[in-house]
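Asker: coordinates only, sequence not included:
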């Protein structure tokens, strides 16, 4: 029965690693843990960073061993370096959605230099990811002085992430999970905690400063003490008798165990996050309910050496592109332009495409290999003329042979990907046969078949191995673009190297106009127009740059890509398109940021909500940031198969999946208007997220300067419980629009 949880033994590598975490606890040792180094981290820091990561997690492994009562330790840890680095390591195709622990260059403003978990607030739900700022590992002595024992702090994050247990200390200004409260008027405040010995008197302080201690930390009435919290002094910080709980004051060196129902009794009366979410069950009892420990698995055992084994690999992606060129010539030219721009972007990040694209169909029916630099030479021949012939089997074999001839050996961890753009029709052979005996090459099938259900053979080729994806684009170039962006989000996402999409839509008519905000962080605007018209195109295009400049131009072909410098014209830009006859146009507007500006970004994800490896409801998550500062109180939606789903940042109320109100993370369950899941049983899914500011939003600078820097002296979390308190000095931001595509997701 328990073996059902260990998917790596039952299915291929990509099933587990693309759509579920691969961590296992086997014979008391965790294996499959992945630490991902973000591309935002400078390569020059790696030598010291590697040394300190290994030292910190060796200490953490010992803490895990003692904290789990000899049941677990870190046996194997893989560190994945970004593909943009020029370091030679073993290669691995890797989706950041499978990251257990991410190390970013800068800390998110709400958390200062402390690590934090992305996690749905429900008991026993596994976390999405643990996040560390690079500064945590810069100097471990400084980190210890700032936050206390490093090993136990990592242990705390790990056990919360793995087992769905939560903080047992509270948060100031939090109406649900307070730091301190008064049982009765006239008494002393009570610290929300769980400890095996009483906390010393005198630790209560006002977050507004010592001059407010009497006002904020005296119990004038029963209830919460919003501005008061318990801050360990130096004496209690070293108390050798304070042994629990790890989900409380983990910074205490002697604190090595969790509260339980037997030896280190749980304090169930406190309104802590863990008590409220887990119905007052002790943290360690919740841990032992996990399948890691059921059926007698991983009972306490003596382990003489808890030091982890490390493997350092480099993220990599090896792609070949096959284009079926028996299609409408104008649509084909649009596909070529979109592919060309996408390949240029991806190559800058380190993605390898080989030297050629492979064309099949029309005049290329017997296969043409076209140099990447000359891809615009590819000619689409409409099937209504001599272009009805194709040989997709030979095209796929040619792509497979091209992988074989490269110097990079494919493997289960480093497979190849073929991106096939075709309507699936074949006049000779069967392209599925090209994959006989092939295990390490997967297919992204972008189906251009106009039938409502697409092409069955295109779906079939995407399933030929377990790592494939299928997208029915029909004759809509925007859907082709979404498929490519979803592929990027899955395997090569790098927020600061990808151009930001500001707008994407399709219009039908003889005249249209739309406006978008161009914010001050942007240096260049790129306009992509993809026209569909049965006659010669005579469309004119004008761009009003915030009333300061007017640009007019003509659409010279069915594909139009032009760039414009922003300079001092940031504000509202209005784009107008007009023609004498009706047309259909796909429109995409991109922005490239100024070098010195913060990157305003929107990340979009679909996440499983796992309890004992069972998904109890997938979530759409969008994260809006101005640099490292969350964008709060804005409007974010997800678009799924034409349906808009509002994403909320209002906290875990009324069963909503959002964890923290006001932290710039916007969430909704993944469902349609009938409240049933948008999750086909065997198809990959990707959603589009959009942010549109309304004038009331701000970026949250955190709390480092609030209350004379009170939070910066804490060795425990200041944020966040049920909400992120509003800052003293919120930072106004420009009106912005962003569009993001999630990684591919499979149920």
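Answerer: Alright, I've got the coordinates. All values reported here derive from a predicted model rather than from experimental measurement.

Asker: distance of residue 647 from residue 306?
Answerer: Distance, residue 647 to residue 306, by Cβ to Cβ, to the nearest Å: 41 Å. (Glycine included, C-beta is placed from N, CA and C.)

Asker: As a check, name the ranges of all strands in the stretch 201-350 of the chain.
Answerer: Secondary structure of the stretch 201-350 of the chain, counting by DSSP state E, counting those that start in this stretch: strands at 204-206, 223-224, 228-230, 309-315, 318-324.

Asker: Just the element for the closest residue to residue 368 other than its chain neighbours, please.
Answerer: Spatially, and ignoring its direct neighbours in sequence, residue 368 is nearest to residue 359 (4.4 Å; Cβ to Cβ, 6 or more residues apart in numbering). Secondary structure from DSSP states H and E places residue 359 in strand 356-360.

Asker: And for residue 605?
Answerer: strand 600-607.

Asker: Show residues contacting the helix or strand just after that strand.
Answerer: As assigned by DSSP H and E, the chain's next helix or strand after strand 600-607 is strand 610-611. Contact partners of strand 610-611, identified using Cβ atoms under 8 Å, 6 or more residues apart in numbering, comprise 20, 122, 124, 125, 126, 164, 616.

Asker: Same question for stretch 223-236.
Answerer: Contacts for stretch 223-236 (Cβ under 8 Å, 6+ apart): 169-175, 178-182, 189, 191-193, 199-200, 202-208, 212, 216-217, 219, 242, 249, 251-252, 714-716.

Asker: And the pLDDT at residue 678?
Answerer: Confidence at residue 678, expressed as pLDDT, is 52.

Asker: Then residue 6?
Answerer: So, for residue 6, pLDDT stands at 34.

Asker: now residue 284
Answerer: With respect to pLDDT, residue 284 scores 95.

Asker: contacting residues around it?
Answerer: Applying Cβ under 8 Å, 6+ apart, we find residue 284 in contact with 69, 257, 258, 259, 260, 261, 264.

Asker: Which residue is the nearest non-sequential neighbour of the fifth one?
Answerer: Distances taken as Cβ to Cβ, 6+ apart put residue 284 closest to residue 260, at 3.9 Å, once the chain neighbours are dropped.

Asker: between the strands of the stretch 201-350 of the chain, which one is nearest to residue 133?
Answerer: Comparing the strands of the stretch 201-350 of the chain against residue 133 with Cβ to Cβ, the closest turns out to be strand 309-315 (20.1 Å).

Asker: Which positions within the closest one qualify as buried?
Answerer: Of the residues in strand 309-315, 310, 312, 313, 314, 315 count as buried by neighbour count, 16 or more other Cβ atoms under 10 Å.

Asker: Hmm, residue 83 and the third one touching each other?
Answerer: No: contact between residue 313 and residue 83 fails when scored by Cβ atoms under 8 Å: they sit 10.7 Å apart.

Asker: Show me the helices in the stretch 601-747 of the chain, by range?
Answerer: Taking DSSP state H, counting those that start in this stretch to define them, one finds no helices in the stretch 601-747 of the chain.

Asker: Any stretches of the chain with poor pLDDT?
Answerer: 1-20, 233-239, 383-387, 407, 534-536, 671-682 (pLDDT under 70).

Asker: now the helices: where do they sit in it?
Answerer: Ranges of helices in the chain, per DSSP state H, are 13-19, 46-67, 140-147, 150-163, 213-216, 234-237, 273-277, 283-288, 329-349, 392-405, 456-462, 477-491.

Asker: How far does the second one sit from its chain's centre?
Answerer: What separates the centre of helix 46-67 from the centre of its chain is 24 Å, taken as Cα atoms, centre = their mean, to the nearest Å.

Asker: quick check: angle from that helix to helix 140-147?
Answerer: With axes from the mean of the first three to the mean of the last three Cα atoms, to 10 degrees applied, the angle from helix 46-67 to helix 140-147 works out at 50 degrees.

Asker: Give the buried residues for helix 46-67.
Answerer: So for helix 46-67, counting by 16+ other Cβ under 10 Å, buried means 46, 49-50, 52-54, 56-67.

Asker: and what of stretch 450-467?
Answerer: Buried residues in stretch 450-467, counted by 16+ other Cβ under 10 Å: 454-455, 457-467.

Asker: Relative to residue 298, which of those residues is nearest.
Answerer: Once Cβ to Cβ is applied, the member of the buried residues of stretch 450-467 that ends up nearest residue 298 is residue 466, at 28.5 Å.
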